[in-house]
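Enquirer: Give me a 3D structure for the following:
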Amino acid sequence: MPVLVEAPKSTREEVSAMLRLAWPLVLANLAGIAITTTDVLMLGRLGARELASSALAVNLYSLVMFSGTGLAVGAAPLIAAALGRRRHAIRDSRRTFRMGIWLVGVYCLAGWLLLWNSERLFLLLGQDPVLSEGAGRFARVLMWALLPALLVALFRTALTAFDRTLVALAVALGGVAVNAVLNWMLIFGYWGAPALGLTGSALASLITTLLMALAMGLVLHRSRTFRRMHLFGRWWRFDRQRFVELAKVGVPIGIVWAFEVSVFSCAVFLMGLIDTTSVAAHVIALQLASVSFMVPLGLAQAVTVRIGIAYGAGDRAWVGLAGKVALAVAMAFMSVAASIIWLFPGELAGLFLSEGRPENAAVLALAVKFLLIAAVFQLADGAQVVGAAMLRGLQDTRVPMLYAAFGYWAVGLGSGVGLAFGAGWRGEGIWTGLALGLAVVSVLMLWRWSRREKLGLVEAR
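Expert: You can find the predicted model right below:
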């Protein structure tokens, strides 16, 4: 059973407990982004066109995948609250876990349908026909990684709630190594493998995700810690009450994540309306910004569990302390990340495309401009993801969903389109809009958190 369920006696104890839970998640998230970074780095060696095609497909897949991940993450506050109420909450946790499998499975049916028709969607969105064709081929392979990817998210949620984050880290690190080798083999045709180019990268991601889901599933099924919990026992039996409870928490989380990811995905499509150079530069800048984002995301995953346990225990002081600690750590890190991006944008962008090739010069120059804007919104990005996670620990997900809709779409995308095409700022206008949207969402989330007691959010349910 988890060892992090006792209320802290001091701020130092909460910092220690938070970091102990968060650091493997941070590294696991960085390992996850390393997998996609490996794909971008290797596909970048094929050329800007291949990189842009993969960007279209990966952004659509990411939208579908992260939206579904929100459903899986909804299990975290339910399991954590059960542990706060009763340390050995085996039956309650098993019910939530099993219905998590059902929820992501049902979601995958719709996700597969959308991804199978991705080329048509890209053409409807006005993307270049050649890029759309390549992206469609890529997506029709990558789409089959959706179910194992969502199971990985659900399995990681269970491991986090029961203080077994090192397992998630070990599997993620293994995934980085496997994906790098498979990309090297299947993109370029080494070790007797066919040189499949774009398709090879998608196939490498699929195989890697399947292996990661299998590894985590075996731990949850066979390890000493989880064996007596029988998490997979009678998983085929539908539990309507728990399914509805999980959906009420998880669906708004999924929608919030969909709003956030879709804004960045739409940014790729908008870049495609400008030119291929803008798409490739956007991919590079977004990949680097995503690396720094993985740290507050790991803290967010940890604080949801910490606050969830405190919420279940009915401990208001612990709820407040856990939120304060997570937010302070996130802001400290993002301040450092912003400084690094601001000081070394050219060197960071140069990691993705060779500076010696003349055709890459325009992409790198534009990527530097995007990175300077990304440096400015680092603090807002960290605050909004941790703020949403703090509210999630209180099982407060519906109003934050509305905040996300307003901030990401009305402010972020609306101002981005206006600046890009109305004011003539082009790609820089889109990135400025993204920054404004993140800032608004962060303010709204933290404002609601500050009013949690007046709103009655901290009463355990």
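Enquirer: Show the contacting residues for the closest residue to Gly393 other than its chain neighbours.
Expert: Leaving aside its chain neighbours, Gly393 sits nearest to Ile307 (2.8 Å; criterion: CB to CB, 6 or more residues apart in numbering). Every residue, glycine included, has its C-beta placed from N, CA and C. For Ile307, the contact set (CB atoms under 8 Å, 6 or more residues apart in numbering) comprises 77, 80, 319, 322-323, 390, 393-394.
Enquirer: Only whichever of the residues you listed are buried, select them in ChimeraX.
Expert: Per 16 or more other CB atoms under 10 Å, the buried members of those correspond to this ChimeraX selection:
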select :77,80,319,322,323,390,393,394
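Enquirer: quick revisit: how about the secondary structure of the residue nearest to Gly393?
Expert: Of the three states, Ile307 takes helix according to DSSP: H, G, I helix; E, B strand; the rest coil.
Enquirer: before we move on, back to that, kindly indicate which of the contacts of Ile307 lies nearest Glu6.
Expert: Ala322 (12.7 Å; CB to CB).
Enquirer: Pretty sure Val303 is one of the things the closest one touches, is it not?
Expert: Yes: counting by CB atoms under 8 Å, Val303 is a contact partner of Ala322 at 5.9 Å.
Enquirer: Could you export stretch 17-29 as PDB, CA atoms only?
Expert: Taking C-alpha atoms only, stretch 17-29 is exported to PDB below (Å, rounded to 0.1, in the frame of the first residue of the first chain):
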ATOM      1  CA  ALA A  17       6.800  13.800  -0.100                       C
ATOM      2  CA  MET A  18       5.800  15.800  -3.200                       C
ATOM      3  CA  LEU A  19       9.300  15.500  -4.800                       C
ATOM      4  CA  ARG A  20       9.500  11.900  -4.000                       C
ATOM      5  CA  LEU A  21       6.300  11.200  -5.800                       C
ATOM      6  CA  ALA A  22       7.000  13.700  -8.600                       C
ATOM      7  CA  TRP A  23      10.600  13.100  -9.700                       C
ATOM      8  CA  PRO A  24      10.100   9.700 -11.300                       C
ATOM      9  CA  LEU A  25       7.000  11.100 -13.100                       C
ATOM     10  CA  VAL A  26       9.000  14.100 -14.300                       C
ATOM     11  CA  LEU A  27      11.700  11.800 -15.700                       C
ATOM     12  CA  ALA A  28       9.100   9.500 -17.200                       C
ATOM     13  CA  ASN A  29       7.400  12.400 -18.900                       C
END
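Enquirer: How far away from the center of its chain is that stretch?
Expert: With CA atoms, centre = their mean, to the nearest Å as the basis, stretch 17-29 stands 15 Å off its chain's centre.
Enquirer: buried ones in that stretch?
Expert: Applying 16+ other CB under 10 Å to stretch 17-29 flags 17-18, 21-29 as buried.
Enquirer: What of stretch 272-287?
Expert: Under the neighbour-count criterion of 16+ other CB under 10 Å, stretch 272-287 has 272, 274-287 buried.
Enquirer: quick check, nearest of these to Gly414?
Expert: Checking the buried residues of stretch 272-287 one by one against Gly414 (CB to CB), the nearest turns out to be Ile274, at 17.6 Å.
Enquirer: Distance-wise, check Leu379 relative to Val386.
Expert: Counting by CB to CB, to the nearest Å, the gap from Leu379 to Val386 is 11 Å.
Enquirer: In terms of neighbours, single out the busier of the two.
Expert: Set side by side, Leu379 and Val386 show more neighbours around Val386, with 29 against 19, by other CB atoms under 10 Å.
Enquirer: close enough to count as contact, that one and Pro296?
Expert: Yes: Val386 is in contact with Pro296 according to CB under 8 Å; the separation is 5.5 Å.
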